[in-house]
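Chemist: Make a model of this:
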Amino acid sequence: MLTAAIPPSAQNLKSVRAGSSITITWEGSAENWSVYRDGVVLGMTSENTWSDSPTVVGLHHYNVYAVIGEVEVMSGDTITAELTIDDARQAEGPESGLGMVLGIIMILVGGAGIASTFIPRRD
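Modeler: Numbers count the residues shown, from 1 in each chain. Down below sits the predicted model:
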């Protein structure tokens with residue numbers, strides 16, 4: 001006799017945004033979970049929480065699937081979280097102090113090197 005059991009699934013997904021990080025939490029009982037953002041697997045965890053730092057601004061869709069053995073059970077809730085431009089990690093700009101001075105010196109040295117190739121050689 002074959003008996004079917006309902007596989008575990010992630011329920012009541014919640015997202016919390018803190019700066020450029022999004023933390024997803026859920027309820028459910030499975031040994032391992034696979035976490036997906038926008039259809040791409042982020043990784044596997046045995047906890048019922050996952051922290052993510054997307055590098056792209058916009059709306060992100062998260063799925064959490066139970067893993068039984070080597071098989072992902074692709075059922076459960078989906079949650080969306082939005083990362084705005086104000087939340088995204090901003091790349092630091094160029095340094096205005098010593099970095100700028102060294103940059104100008106390197107440009108001048110490079111220019112002198114190129115100019116020296118046009119000076120006729122006296123052998």
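
Chemist: Just the strands from this structure, written as ranges.
Modeler: Assigned by DSSP state E, the chain shows strands spanning 11-18, 21-27, 32-37, 40-45, 49-52, 58-68, 71-73, 78-83.

Chemist: Flag the shaky bits of the chain, pLDDT-wise.
Modeler: 87-96, 123 (pLDDT under 70).

Chemist: What is the neighbour count of the closest residue to residue 51 other than its chain neighbours?
Modeler: Distance criterion CB to CB, 6 or more residues apart in numbering; nearest residue to residue 51, sequence neighbours excluded, is residue 23 at 4.8 Å. Where C-beta positions appear, they are placed from N, C-alpha and C, glycine not excepted. Residue 23 is flanked by 14 other residues according to other CB atoms under 10 Å.

Chemist: ditto for residue 15
Modeler: Residue 15, neighbours per other CB under 10 Å, totals 17.

Chemist: Residue 26 is in contact with that one, correct?
Modeler: No - Residue 15 is beyond contact range of residue 26, at 9.9 Å (criterion: CB atoms under 8 Å).

Chemist: Pretty sure residue 81 sits against residue 53.
Modeler: No - using CB under 8 Å, residue 81 is not in contact with residue 53; the gap is 11.6 Å.
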